[in-house]
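Trainee: Predicted model and sequence below, questions to follow.
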Amino acid sequence: MKYTLWLKNLVLVLITLLITACSQSQITHNSQASPAWAPTLSPLPQEKIVKVGMKQVTSDAGILIGMAKGYYKDVGILIEPTQFNTGQEMINQLAAGQLDVGATVTSSGLFNAMSRDIPVKIVADKGINVPGQGYYRLVIRKDLANTIIDYKDLHGKKIGIVATASLDEIALARVLDKAGLTTKDIDLQIIRAFPDLLVALGNKSIDAAMIIEPFVTLGISKGLIDPWKDPFDYDPDAQTALLVFGTSMTKNPDVANRFMTAYIQSLRDYNDAFFKNKNKAEIVDILCNYSVIKDAALYEKMLPTGLNPNGYVRPKGISMDLDWYKSNNLLKSNITLSDAVDNQYVDFAIQTLGKYQ
């Protein structure tokens with residue numbers, strides 16, 4: 001009897017200790033303070049891993065800066081960067097819920113995933129050209145700078161892009177359209193990587209190419225290319241790169257809203273640094289450590305990626321992309337702008353942070 005009573009008392013004590021410990025743990029976990037940069041936003045009750053598909057380039061600054069400065073961690077999110085060989089592979093995983101966020105560009109594959117009623121959405125800006133400083137543009141070989149002067153001079157030329165049925169072909173089509181030309185009027189070359197496009201320009205196997213920073217600056221510094229015309233002249237409304245939420249995010253607004261708030265706070269740090277020269281050394285150091293571009297001096301020379309500090313994409317640019325895919329019979333259904341873009345997460349972030357000043 002004494003042993004039984006002792007055992008019962010021991011069990012009661014252990015249960016009491018467990019309940020107390022769990023209660024204390026819960027109290028500690030839920031008492032996390034709101035971050036100073038978003039004082040009205042409470043963190044998630046439990047830390048959430050968010051898998052982000054990106055190439056860790058400068059236009060990913062909204063993610064990289066937030067990782068370095070702890071903005072995502074402040075709201076209960078741990079970023080897990082993931083690399084993909086192709087954009088389609090990324091889209092497939094977004095659609096399947098195996099990837100949460102994608103840093104990408106428009107493509108027929110992206111819009112066709114939406115046509116299957118899969119809740120994948122374009123949710124924020126991840127790269128636009130700034131007037132006079134286009135980071136994504138058509139460049140021509142340096143030795144042809146006095147020959148290819150106007151848009152009509154592109155007729156019959158060998159022009160390289162990294163992919164068809166995506167942003168790259170659309171961007172080139174808009175350049176050619178300035179002279180009433182199409183890709184049928186040139187010798188289109190598909191070269192699957194931007195560094196290889198620069199090599200092809202250097203060995204004169206192509207005449208021009210659509211390339212992105214830092215390859216624009218590298219090509220100019222090596223005397224291989226001429227930056228040619230300002231992209232704002234031929235594609236002023238372009239939405240060059242996008243942030244996309246996969247099904248796991250669109251079905252979990254608490255996580256999605258907090259991710260977006262941290263993302264936009266990071267975009268603002270980027271804009272402060274590169275367009276207001278505020279804390280630039282700190283942001284360049286972060287990008288050197290977190291991006292694939294490790295040379296700090298290169299950031300002083302590169303044309304800056306435009307990143308909307310209020311987060312919204314350019315609706316006209318995406319509408320124009322949709323029209324191009326439709327006119328080229330690349331879409332399986334009649335996707336509209338409202339089907340493709342969801343601004344609710346940016347709306348939440350702006351309500352939390354206020355508009356950028």
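Mentor: On my side now, so go ahead. Residues are numbered from 1 along each chain as shown.

Trainee: Tell me where the stretch 151-300 of the chain has helices.
Mentor: For the stretch 151-300 of the chain, the helices defined by DSSP state H, counting those that start in this stretch occupy 167-177, 194-202, 215-221, 231-234, 247-250, 253-276, 280-290, 296-301.

Trainee: I misspoke; the intended subject was the stretch 1-150 of the chain.
Mentor: 2-30, 61-69, 71-74, 87-96, 108-115.

Trainee: which of the residues in the second one are buried?
Mentor: In other words, helix 61-69. The neighbour-count check on helix 61-69 (16 or more other Cβ atoms under 10 Å) flags Ala61, Gly62, Ile63, Leu64, Ile65, Gly66, Met67, Ala68, Lys69 as buried. Glycine gets a C-beta too; all of them are placed from N, C-alpha and C.

Trainee: and the residue nearest to the fifth one when sequence neighbours are not counted, what is it in contact with?
Mentor: Here the nearest residue to Ile65 in space, its sequence neighbours aside, is Ser266; by Cβ to Cβ, 6 or more residues apart in numbering that works out to 4.0 Å. The contact partners of Ser266, by Cβ atoms under 8 Å, 6 or more residues apart in numbering, come to Ala61, Gly62, Ile63, Leu64, Ile65, Gly66, Lys69, Tyr71.

Trainee: which among the residues you listed gets closest to Leu198?
Mentor: Closest to Leu198 out of the contacts of Ser266 is Ala61 (22.6 Å), distances taken as Cβ to Cβ.

Trainee: distance of that closest one from Leu242?
Mentor: 14 Å (Cβ to Cβ, to the nearest Å).

Trainee: Ala163 now?
Mentor: According to Cβ to Cβ, Ala163 stands 15 Å off from Leu242.

Trainee: Give me the more crowded residue out of these two.
Mentor: Neighbours were counted for Ala163 and for Leu242 using other Cβ atoms under 10 Å; Leu242 has more, 27 against 17.

Trainee: Surely Pro119 touches Lys251?
Mentor: Yes. With contact defined as Cβ atoms under 8 Å, Pro119 counts as touching Lys251 (6.7 Å).

Trainee: The two: which is more packed in?
Mentor: Using other Cβ under 10 Å as the criterion, Pro119 and Lys251 rank with Pro119 on top: 17 against 12.

Trainee: For the more buried one, give me its contacts.
Mentor: Listed by Cβ under 8 Å, 6+ apart, the contact set of Pro119 reads Thr247, Thr250, Lys251.

Trainee: Show the contacting residues for His155.
Mentor: With the criterion set at Cβ under 8 Å, 6+ apart, His155 makes contact with Ala179, Leu181, Asp185, Ile186.

Trainee: Ile49 is in contact with Leu78, isn't it?
Mentor: Yes. Taking Cβ under 8 Å as the definition, Ile49 is a contact partner of Leu78 at 4.9 Å.

Trainee: So for these two, which residue has more residues nearby?
Mentor: Counted by other Cβ under 10 Å, Ile49 and Leu78 do not tie: Leu78 has more neighbours, with 12 against 9.

Trainee: Quick check: pLDDT value at that one.
Mentor: The model reports Leu78 with a pLDDT of 98.

Trainee: can I get the contacts of Ser266 in JSON lines with pLDDT and distance to Phe194?
Mentor: Formatted as JSON lines, these follow (pLDDT from 0 to 100; distance: Cβ to Cβ, whole Å):
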{"residue": "Ala61", "pLDDT": "98", "distance to Phe194": "18"}
{"residue": "Gly62", "pLDDT": "98", "distance to Phe194": "21"}
{"residue": "Ile63", "pLDDT": "98", "distance to Phe194": "20"}
{"residue": "Leu64", "pLDDT": "98", "distance to Phe194": "19"}
{"residue": "Ile65", "pLDDT": "98", "distance to Phe194": "23"}
{"residue": "Gly66", "pLDDT": "98", "distance to Phe194": "25"}
{"residue": "Lys69", "pLDDT": "98", "distance to Phe194": "28"}
{"residue": "Tyr71", "pLDDT": "98", "distance to Phe194": "29"}
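
Trainee: For Lys204, state which of those residues is nearest.
Mentor: Ala61 (34.3 Å).

Trainee: Which residues are in contact with that closest one?
Mentor: Ser266, Leu267, Tyr270, Ile283, Leu287, Ser291, Thr305, Leu307.

Trainee: CA atoms only: put stretch 86-99 into CSV for me.
Mentor: This file holds the C-alpha atoms of stretch 86-99, laid out as CSV (Å, rounded to 0.1, in the frame of the first residue of the first chain):
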residue,chain,number,x,y,z
THR,A,86,15.6,25.4,-64.6
GLY,A,87,12.7,27.7,-64.0
GLN,A,88,10.2,25.0,-64.8
GLU,A,89,11.6,22.8,-62.1
MET,A,90,11.0,25.6,-59.6
ILE,A,91,7.4,26.1,-60.9
ASN,A,92,6.7,22.4,-60.6
GLN,A,93,7.8,22.4,-56.9
LEU,A,94,5.8,25.7,-56.2
ALA,A,95,2.7,24.0,-57.6
ALA,A,96,3.3,20.8,-55.6
GLY,A,97,3.8,22.7,-52.3
GLN,A,98,7.4,21.5,-52.1
LEU,A,99,8.7,25.0,-52.5
